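Q: With the sequence up front, the predicted model follows.
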Amino acid sequence: MYDFGLVGLGVMGHNFILNVADHGFTVYGLDLDDEKVDTLIKSGNDPGKVNGTTGVKTFVSALATPRKVMLLVPAGDLVDKAIESLLPHLEPGDIIIDGGNSFFTDTDRREAYLKEKGINFFGAGVSGGAEGARRGPSIMPGGNKEAYEHIRPIFEAAAAKFKGEPCVTYLGPKSAGNYVKMVHNGIEYGLMQLISEIYDLLKRLGGLDNDELSKTFKHWNERRLQSFLVEITAEIFKQEDSDGDGRLVDKILDKAKQKGTGKWTSQNAMDLGVPIPSIDIAVSMREISALKDLRVKAGGLYERPRFAITDKPGLLKKAEEALYFSFIVTYAQGLHQLAEASESYGYALNLSKVAKTWRAGCIIRAALLDDIARSYEEVAGLQNILMAPSFMSRIKETVASTREIIVMGINSGIPLPGLTNSLTYFDALTTGRLPLNLIQAQRDHFGSHTYERVDREGIFHTEWGGD
């Protein structure tokens, strides 16, 4: 009997099941495509350890009980269809794990449905791409805590390791895992947008060529900005175009696509009443990028201001500090959303453990996350990492450069919405009195919506315009 089953032998599924097999577990794959099954068996070399089939009944009967079946199929209807195909052959106590980017409310629905049938259902976010799936991803599982013990040894073995500690932990009940993965992807959107803005500024304002950009990002990755996204950015600038002269990055169309997880993060943050402007604008910028034809036409109608930089070393120093500042703020927004969601949805998330899960294997892994995890352990009841002493000092060191970089962008007509929104979030969050008293007065004036006062308790309404 095989220890672990996986449905969906595409690139992610193929790599993940081989990863599990590498750690001493016997594995069995299921896919409707004969070629994918054959490829898996050949890759495994030993059918006694790595095997596969196109038959659902054969697949289920080959697994040891309680059966542990992971789905790596596209989110949506295909997940439901896969579950329904498995159900007639499963028994109470068996476990189904959805490893895709399913929307968290779909996970809650599936978990409740399968619970009635005695089947344990987990939503487990998996981050790290194809390479991570093969060598060690970050895994974010949520579901029944007792049932998790059956899959914990497999996940801990297959997950990425940070100083020997596996980047996986039980996060909470129901859809906790999928929710954390959703916010992970929202943070990912924000960080990518910030990096692209700094790239644009250094190229257009600083005049850096691709070699200089690569060298700059490589240098930054050796310092406090050490992260997967900064690391691969340095590599991207060096990639030659195999179909022509020059670097590939300059030949890529400036229209960014998205699969929806960033949008889900923004929409749900609005439902919860949590501000995440750095993530929101990253989603919006991908939508603006899609308006390529309109952008080109509009660009021909207006002149851009000209602004020259003569102090290139000074620009690089300020740009690094601005990116670091905005990275911190973006993580702060995402973690704040997780804290509010945890309370609203009953996840009981441990944010230190969430940050630890992200320290290796995943797309947003960064040196910062070890410090973030430590801050949540050291400061009881920490509401926002911007209030942690270790991060307060870092913000104070970098906020002035962030302001200067944003002014440079404004003066030169270079859009820096991610950087700007990060600074605006910080300024608003650290302002004891905002001008929203006027908005409350306006709402009461035109709609009798009432207001509260600073000098006494109660709810008030005024007949505006009188003496």
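A: It's in. Numbers count the residues shown, from 1 in each chain.

Q: count of neighbours near K81?
A: Residues lying near K81 (other CB atoms under 10 Å) number 11. For glycine as for every other residue, the C-beta is placed from the backbone atoms N, C-alpha and C.

Q: Okay, and it sits in which element?
A: Assigned by DSSP states H and E, K81 belongs to helix 77-86.

Q: and G5, what does it touch?
A: V27, Y28, G29, L30, F59, V60, A62, L63, R67, K68, V69, M70 (CB atoms under 8 Å, 6 or more residues apart in numbering).

Q: mind redoing it with 10 Å?
A: When contacts are counted by CB atoms under 10 Å, 6 or more residues apart in numbering, G5 touches 17, 27-30, 52-53, 59-60, 62-64, 67-71, 86, 94-97.

Q: hang on, the earlier thing: sheet-wise, list the partners of the helix or strand that the helix holding K81 is followed by with their directions.
A: Next helix or strand after helix 77-86 toward the C-terminus (DSSP H and E): strand 95-98. Strand 95-98 has its sheet partners listed here by DSSP bridges as strand 68-71 (parallel), strand 120-127 (parallel).

Q: So what's the residue count around H184?
A: Neighbour count for H184, taken as other CB under 10 Å: 24.

Q: wait, is it part of a helix?
A: Yes: according to DSSP: H, G, I helix; E, B strand; the rest coil, H184 belongs to a helix.

Q: that older thread, highest mean neighbour count out of the strands paired with strand 95-98?
A: Here the criterion is mean neighbour count by mean count of other CB atoms under 10 Å, and of the strands paired with strand 95-98 the winner is strand 120-127, at a mean of 28.

Q: and that strand with helix 77-86, angle?
A: 140 degrees (axes from the mean of the first three to the mean of the last three CA atoms, to 10 degrees).

Q: Pull out the buried positions in stretch 26-41.
A: T26, V27, Y28, G29, L30, D31, K36, V37, T39, L40, I41 (16 or more other CB atoms under 10 Å).

Q: Helices - which of the residues you listed land there?
A: Judged by DSSP state H, the subset of the buried residues of stretch 26-41 located in helices is K36, V37, T39, L40, I41.

Q: tell me which element the residue lying closest to the third one once chain neighbours are set aside falls in.
A: What that stands for is T39. In this structure, T39 finds its nearest non-sequential neighbour in H14, 7.0 Å apart by CB to CB, 6 or more residues apart in numbering. Using DSSP H and E, H14 maps to helix 11-22.

Q: quick check: angle from that helix to strand 120-127?
A: Using the same axes, to 10 degrees: helix 11-22 against strand 120-127 is 100 degrees.

Q: Now do the buried residues in helix 11-22.
A: Under 16+ other CB under 10 Å, the buried positions of helix 11-22 are M12, G13, H14, N15, F16, I17, L18, N19, V20, A21, D22.

Q: before we move on, the earlier item: residue contacts, the residue nearest to T39?
A: 6, 8, 29, 31, 36, 39-40, 43, 52, 72, 130, 133-134.

Q: Show me which residues of the helix or strand containing I151 are buried.
A: Secondary structure assignment for I151, by DSSP H and E: helix 145-158. Using 16+ other CB under 10 Å as the test for burial, helix 145-158 gives A147, Y148, H150, I151, I154, F155, E156, A157, A158.
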